[in-house]
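1. Pasting the sequence and the predicted model now:
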Amino acid sequence: DEDLIATPVGTTLERYIMRKQAEFPFATGELSQLLRDIALAGKIINREVNRAGLSDVTGAYGRENVQGEQQQRLDMAAHIRFVRALRNGGQACAVLSEEEEAIIYTGNDQAKYVVAMDPLDGSSNIDVNVPIGTLFSIYSRVTPVGSKANETDFLQGGRKQVAAGYVLYGSSTMLVYTTGHGVAGFTYEPSLGEFFLSHPDLRIPATGTTFSCNEGYWFEYPAYVRTYLENCKRSRMNGRYIGSLVADYHRNLLTGGIYLYPPTGKNLDGKLRLLYECYPLAFLIEQAGGAASTGTEAVLDVTPEHYHQRCPLIIGSAELVNEYLVCAAAEV
Ligand code: AHG
Ligand code: MN
Ligand code: MN
Ligand code: MN
């Protein structure tokens, strides 16, 4: 019965990052260091999230962000923690956050990378103890090292991401990321303060039985979206919607399924933000063998025009996304 009490020690994130770096002889280690900094930010936010009900960090912050959303105190706490970790880490020259209209300069003009992030995803779930997350997307800057970063660094397009991922604060806390060579998932061991490799090669099943969308917008959806959703129900799929994108995405990644935030009558581009919600998840899903579409093109091919631009997101198992595209094409 030794196995019952054996501590599940495995590969730490640190060891994994080192091993991966060794596979690329020309790698200089800066991206590795940036990933470590992001993991540290994740741990710090995890600490805030875990004790949210006890501390002073729940509730409204009393300010709107550039998207016209009520910011929550934890949105801002996560934003501040994340920016600080990146500033102290030294590998990011600028940061774009959902919670700030303009890009934030870290003062590290010598750094090679820029990071776009959603520091706290699932704001409406904070105060009710439902899983939330953090999303990030990394580019190599196109402006010269030593100069000030600008919008050309952030508006390169989804295919130019060098890494992307998320932290999910769920029944356990996980870090999932890609550098374009598959997707790896790490589970946080709180007593050791370490992420351990738990999902070495995440692949989404080609199809699945879960559909996730906010059906409250039913009467706002275009007819083809309703047609698709009716098909899902006719084939007796399961409806699952947490309302935290990271959590809905993660479940579907593991079990197979489709997540939809389609255009609505009011918002033709849906609600989700291209740079720090749609791009990173689209990069991850393609790396995991799935698909992400706006309904007319691959999300990664959408041309970015401004920092907080929105984009419809249909993401998940390739076969299910294709069936959605058939419905969308039949409409026009
Ligand atoms: P955020 O909390 O970062 O602003 O993101 C909220 C997003 C996403 O997490 C979720 O999937 C979606 O909003 C839910 O929106 P609806 O309430 O419109 O379904
Ligand atoms: Mn928000
Ligand atoms: Mn979000
Ligand atoms: Mn957010």
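-> Nice, thanks for sending it over. Residues are numbered from 1 along each chain as shown. Ligands and ions are numbered 1, 2, ... in the order given.
2. middle-most residue in this protein, spatially?
-> With distances taken as C-alpha atoms, centre = their mean, Leu135 lies nearest the centre of the chain, 3.4 Å away.
3. Report whether that residue is found in a strand, as I expect.
-> Yes. Secondary structure of Leu135 (DSSP: H, G, I helix; E, B strand; the rest coil): part of a strand.
4. residue contacts, it?
-> Met117, Asp118, Asp121, Ala164, Gly165, Tyr166, Leu245, Val246, Tyr276, Glu277, Pro280, Leu281 (C-beta atoms under 8 Å, 6 or more residues apart in numbering). C-betas here are computed from N, CA, C, even on glycine.
5. Any chance of the backbone angles for Leu168?
-> Leu168 adopts backbone torsions of phi -110, psi 120, taken as degrees, to the nearest 10.
6. Residues of the stretch 101-250 of the chain that sit close to ligand 2?
-> Ser123 (C-beta under 5 Å from the ion).
7. Go ahead and report the secondary structure state at the residue of the stretch 101-250 of the chain found nearest ligand 4.
-> Across the stretch 101-250 of the chain, the shortest distance to ligand 4 (C-beta to the ion) belongs to Asp118, at 4.3 Å. Under three-state DSSP, Asp118 falls in the strand class.
8. Tell me what it is bridged to.
-> Leu135 (DSSP bridges).
9. ok, Asn65 to Ile17 distance?
-> 32 Å (C-beta to C-beta, to the nearest Å).
10. is the longest helix that the chain contains anywhere near ligand 1?
-> Longest helix in the chain, counting residues (DSSP state H): helix 30-50. No. Helix 30-50 does not reach ligand 1 (C-beta under 6 Å from any ligand atom); its nearest approach is 12.9 Å.
11. quick one: buried residues of that helix?
-> 30-46, 48-49 (16 or more other C-beta atoms under 10 Å).
12. who does that helix touch, helix- and strand-wise?
-> helix 13-22, helix 73-89, strand 113-121, strand 132-140, strand 163-169, strand 173-178, strand 183-189 (3 or more C-beta pairs under 8 Å, 6 or more residues apart in numbering; DSSP states H and E).
13. Go again with 6 Å.
-> Here helix 30-50 touches helix 13-22, helix 73-89, strand 163-169, strand 173-178, going by 3 or more C-beta pairs under 6 Å, 6 or more residues apart in numbering; DSSP states H and E.
14. most tightly surrounded among the ones you listed?
-> strand 163-169 (a mean of 27; mean count of other C-beta atoms under 10 Å).
15. Who are the packing partners of it?
-> Using 3+ C-beta pairs under 6 Å, 6+ apart: strand 163-169 touches helix 30-50, strand 132-140, strand 173-178, helix 245-255.
16. got the contact list for that strand?
-> The contact list for strand 163-169, computed with C-beta atoms under 6 Å, 6 or more residues apart in numbering, reads 42, 46, 49, 132-135, 137-138, 174-177, 179, 246, 250, 280, 283.
17. Output that strand as CSV, nothing but the C-alphas.
-> Taking C-alpha atoms only, strand 163-169 is exported to CSV below (Å, rounded to 0.1, in the frame of the first residue of the first chain):
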residue,chain,number,x,y,z
ALA,A,163,3.7,31.6,-26.1
ALA,A,164,0.2,31.8,-24.5
GLY,A,165,-1.6,30.2,-21.6
TYR,A,166,-3.8,30.5,-18.6
VAL,A,167,-4.0,29.8,-14.9
LEU,A,168,-7.3,28.3,-13.7
TYR,A,169,-8.2,28.7,-10.1
